[in-house]
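In: Any chance you can model this:
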Amino acid sequence: LVISIPLSFFAGLGAASRHGVLVKGSNFMETLSETKTVVFDKTGTLTKGTFSVVAIHPEKLDEAQLLHLAAHVERYSSHPIALSLLEAYPDEKDDCIIENTEEIAGRGIKAIINGDTVCVGNSRMMDDLGAEWKPCEHTGTIVHVAINGEYEGHIVVSDTPKQHSKAAIKALREQGIRETVMLTGDSKEVAEKVAAELGLDQVKSELLPQDKVSEVEKLLAGKRSEDEALAFVGDGVNDAPVLSRADIGIAMGAMGSDAAIEAADVVLMDDDPFKIATAIRISKKCLRIVKENIWFAIGVKVLVLIAGALGFASMWAAIFADVGVAVLAILNAMRCMYVKAQDPETIN
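Out: Have a look, this model is predicted:
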């Protein structure tokens with residue numbers, strides 16, 4: 001038992017790392033095998049996180065001026081939406097004077113540009129300013145712009161799902177995942193479109209960072225039994241509290257923030273959500289082999305013990321019950337190392 005069980009977990013951890021999944025301990029491998037609910041962040045997790053500007057709708061300014069001001073405000077932000085605005089307006093660094101840049105969590109960013117207060121963010125930010133924003137017929141993330149509290153228009157940016165996101169959801173169901181949920185700060189229309197495209201069970205939209213923790217708390221409280229686990233998958237700084245609160249946190253390792261990677265229990269080294277199903281498959285095989293070794297080792301020893309008490313066990317039976325069982329259990333544990341990678345293209 002002392003040899004074969006740790007060896008089974010070590011082999012399972014090695015198999016996971018071979019498939020690009022870093023599991024930070026054998027206890028997380030066990031929790032992963034018990035997962036029944038998987039909760040996803042959207043941007044950078046299920047979607048590529050590479051936004052592009054698809055439409056500009058100004059009120060009084062022309063399109064170039066509106067994009068110019070938005071890019072100035074977003075100059076120092078590393079958010080994917082900010083990067084898309086900077087990419088759309090590459091000549092952002094000019095002689096404009098930008099001061100007092102301030103990021104408002106769950107709202108957007110404001111800055112003083114040439115003496116004017118420019119706010120760039122979502123509809124909640126416009127409501128806080130008292131600016132009468134206008135809805136847009138385009139499906140995407142709407143970035144509103146206000147100058148000195150007066151609404152000046154909006155910019156539409158769009159993101160696309162990752163190549164294997166849809167296959168990942170189907171593969172998770174094949175691994176016994178009962179419920180898949182997406183939490184996002186995006187608008188309801190954008191969130192529902194992505195959820196329908198990928199086949200998710202639930203979607204919660206227009207959430208602040210702290211709202212994600214509340215939603216995970218509700219899902220944890222609604223678990224059918226204590227043996228079931230809930231996994232959260234995210235990549236951003238704002239996801240770190242949720243990753244810590246979930247039974248098991250899974251972070252994107254390539255483009256994910258340092259805070260998310262530090263808080264997570266499992267790290268996907270290539271940001272492919274399909275690897276979550278692979279990790280669960282490896283963990284289930286690992287735990288199955290661990291249980292096989294426990295029953296086999298104890299069962300054989302009990303049988304030989306009873307046979308010895310009745311006078312039927314020879315020295316050879318005792319040797320088999322000791323050395324033989326140890327060798328067989330170790331060989332069985334090595335099976336954890338060999339898990340064939342599943343091709344996402346074969347998921348129907």
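
In: drop to CA atoms for contacts and neighbour counts, all remaining ones
Out: Will do.

In: Does anything pack onto the strand ranked longest in the chain? Which helices or strands?
Out: Longest among the strand segments of the chain by residue count, using DSSP state E, is strand 150-158. With contacts defined as 3 or more Cα pairs under 8 Å, 6 or more residues apart in numbering; DSSP states H and E, the secondary structure elements packing on strand 150-158 are strand 52-58, helix 63-73, strand 141-147.

In: out of those, which comes closest to Glu192?
Out: Glu192 lies closest to strand 141-147 among those, at 12.4 Å (Cα to Cα).

In: contact partners of that closest one?
Out: Strand 141-147 is contacted by residues 66, 70, 116-123, 126, 131, 133, 136, 151-158, 186-187, 190 when judged by Cα atoms under 8 Å, 6 or more residues apart in numbering.

In: 7 Å instead?
Out: When contacts are defined by Cα atoms under 7 Å, 6 or more residues apart in numbering, strand 141-147 is touched by residues 70, 116-123, 151-158, 186-187, 190.

In: Partner strands of that strand, with direction?
Out: strand 116-121 (antiparallel), strand 150-158 (antiparallel) (DSSP bridges).

In: from the middle of its chain, how far away would it be?
Out: With Cα atoms, centre = their mean, to the nearest Å as the basis, strand 141-147 stands 27 Å off its chain's centre.

In: between that strand and strand 52-58, how many degrees?
Out: 40 degrees (axes from the mean of the first three to the mean of the last three Cα atoms, to 10 degrees).

In: show me the contacts for Thr160.
Out: 47-48.

In: Tell me the spacing between Phe232 and Glu192.
Out: 19 Å (Cα to Cα, to the nearest Å).

In: scratch that, Ala309 is what I was asking about
Out: Counting by Cα to Cα, the separation of Ala309 from Glu192 is 68 Å.

In: Kindly report the same for Gly149.
Out: Plainly put, Gly149 is 31 Å away from Glu192 if you go by Cα to Cα.

In: how does this protein divide up, domain by domain?
Out: By the record's domain assignment, the chain is partitioned as 3-46+162-282, 50-159 (the TED database).

In: Next up, the contacts around the most centrally placed residue in the chain.
Out: With the centre of the chain defined as its mean C-alpha position, the nearest residue by Cα atoms, centre = their mean is Val233, 2.0 Å away. Contacts were defined as Cα under 7 Å, 6+ apart; by that measure Val233 touches 39-41, 249-251.

In: So which of those belong to strands?
Out: Secondary-structure check on the contacts of Val233 using DSSP E: residues within strands are 39-41, 249-251.

In: Phi first, then psi, for Arg273.
Out: Not quite, residue 273 is Pro, not Arg. Here the main-chain torsion angles of Pro273 (degrees, to the nearest 10) amount to phi -60, psi -20.

In: doesn't Ser165 make contact with it?
Out: Yes: here Pro273 reaches Ser165: they are 6.0 Å apart, a contact under Cα atoms under 7 Å.

In: Identify the contacts common to the two.
Out: Leu46.

In: quick one: the helices in the stretch 1-150 of the chain?
Out: Using DSSP state H, counting those that start in this stretch, the helices of the stretch 1-150 of the chain run over residues 4-18, 26-33, 63-73, 80-88, 123-129.

In: Please identify the buried residues of the last one?
Out: Which is helix 123-129. Buried residues in helix 123-129, counted by 16 or more other Cα atoms under 10 Å: 123, 125-126.

In: ditto for stretch 312-329
Out: Buried residues in stretch 312-329, counted by 16+ other Cα under 10 Å: 317-318, 320-321, 325-326, 328-329.

In: Give me the subset of those residues lying in strands.
Out: With strands taken from DSSP E, there is no overlap with the buried residues of stretch 312-329.
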